[in-house]
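Undergrad: can't give you the sequence, but here's the structure:
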């Protein structure tokens, strides 16, 4: 009989059949969970910051509310001054026209309105930065 | 192109006509935006009644500009009194605060330390408090911890 090959004593060494790749870390779902957790934690300072910013805006708004009557009162005096001057100017301009109804309001609801158009008289300044000497300011304004 | 700065225009547009004779004169406040922002809460604290009266008068009138001049003068005089008192007793702290506001883009949150000194001084001398109505928790100007910059 011929000799048959036999395994070496102690058997063959283990055959590496599995790929030897480095570990890829955790499962994807764990990474997703970690990310969600970080986002949730970040929501806490985010919410605090949004609330604080809202308080800043409210602080600014109340500051403006406290100043509003003061600014409005100043503007009202200026409005009365300007509108009285405008009416006087109108009266002076239209004194020779018999059809002119003095100080007649345009609307019948009795409200005071800021005029849409105003005739303004310019006053020349003593020095010019951008000046066009050929234009007569009084003529251009009238 | 027209220049943006009005001072560079070749002419002013101005109406120098004064107020009519029948209307009493009152000095204007004349403060700029940063000092007004600094003292706004104290104006609100002292002049609340005058302010409310004026705004109520305005809302009830058809020609509010002309009918509420009396209330408006009281509002202006009260605001001037607040500014004068603060200038008398707390001029340094006020100046520090509004200079800080000028440099911080008028953001009150950037000037809390200066504001604390001003509030303390005003509380001591004028007995006026800065009250932020309807605050969410501790009012922002009294918090020690800031979340935002």
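TA: Right, received. Where do you want to start? Nothing here was measured: the structure is a model prediction, and the numbers come from that model.
Undergrad: Residue ranges in chain B under the pLDDT threshold?
TA: Within chain B, the stretches with pLDDT under 70 are B:1-14.
Undergrad: hey, where'd the strands end up in it?
TA: Ranges of strands within chain B are B:11-13, based on DSSP state E.
Undergrad: Give the buried residues for stretch A:33-45.
TA: The neighbour-count check on stretch A:33-45 (16 or more other CB atoms under 10 Å in any protein chain shown) flags nothing as buried. C-beta: built from backbone N, CA, C; applies to glycine.
Undergrad: anything in it sitting right up against chain B?
TA: Yes. Contact of stretch A:33-45 with chain B (CB under 8 Å from any CB of the partner chain) involves residue A:45.
Undergrad: Spatially central, which residue of the chain would that be?
TA: Looking at chain A here, since you left the chain open. residue A:57 (12.2 Å; CA atoms, centre = their mean).
Undergrad: you looked at the wrong chain, it should be chain B
TA: For chain B, the residue nearest the mean C-alpha position is residue B:36 (3.2 Å; CA atoms, centre = their mean).
Undergrad: I'd guessed that residue sits against residue A:68; true?
TA: No. Using CB atoms under 8 Å as the test, residue B:36 is too far from residue A:68 to be in contact (11.1 Å).
Undergrad: now the strands for chain A?
TA: A:122-124.
Undergrad: got any ranges where it has weak pLDDT?
TA: A:1-2, A:117-142.
Undergrad: For the nearest residue to residue B:25 once chain neighbours are set aside, list the residues it contacts.
TA: In space, and not counting its chain neighbours, residue B:25 is closest to residue B:19: 7.0 Å by CB to CB, 6 or more residues apart in numbering or on different chains. When contacts are counted by CB atoms under 8 Å, 6 or more residues apart in numbering or on different chains, residue B:19 touches A:77, A:80-81, A:84, B:25.
Undergrad: what sits against residue A:100?
TA: By CB under 8 Å, 6+ apart, the neighbours of residue A:100 are residue A:94.
Undergrad: rewinding a little: just the buried residues of the contacts of residue B:19.
TA: The buried subset of the contacts of residue B:19 (16+ other CB under 10 Å) comprises A:77, A:80-81, A:84.
Undergrad: got CSV for these, with distance to residue B:97 too?
TA: Below are the buried ones among the contacts of residue B:19 laid out as CSV (distance: CB to CB, whole Å):
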residue, distance to residue B:97
A:77, 29
A:80, 34
A:81, 33
A:84, 39
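Undergrad: and which of these is nearest to residue B:103?
TA: Proximity of these to residue B:103 (CB to CB) peaks at residue A:77, which lies at 32.4 Å.
Undergrad: Against chain B, how distant is the closest one?
TA: According to CB to the nearest CB, to the nearest Å, residue A:77 and chain B sit 7 Å apart.
Undergrad: Residue B:94: neighbouring residues, count only.
TA: 22 (other CB atoms under 10 Å in any protein chain shown).
Undergrad: ok, it - contacts?
TA: Per CB under 8 Å, 6+ apart, neighbours of residue B:94: B:35, B:38-39, B:86-87, B:118.
Undergrad: Quick check: the two most widely separated of those residues?
TA: Largest pairwise distance in the contacts of residue B:94, by CB to CB, is 12.0 Å, between B:87 and B:118.
Undergrad: higher neighbour count, those two?
TA: For the pair residue B:87 and residue B:118, the greater number of neighbours falls to residue B:118 (26 against 14), based on other CB under 10 Å.
Undergrad: how about the more buried one, what does it touch?
TA: Each residue near residue B:118 by CB under 8 Å, 6+ apart is listed here: B:38, B:90, B:93-94, B:96-97.
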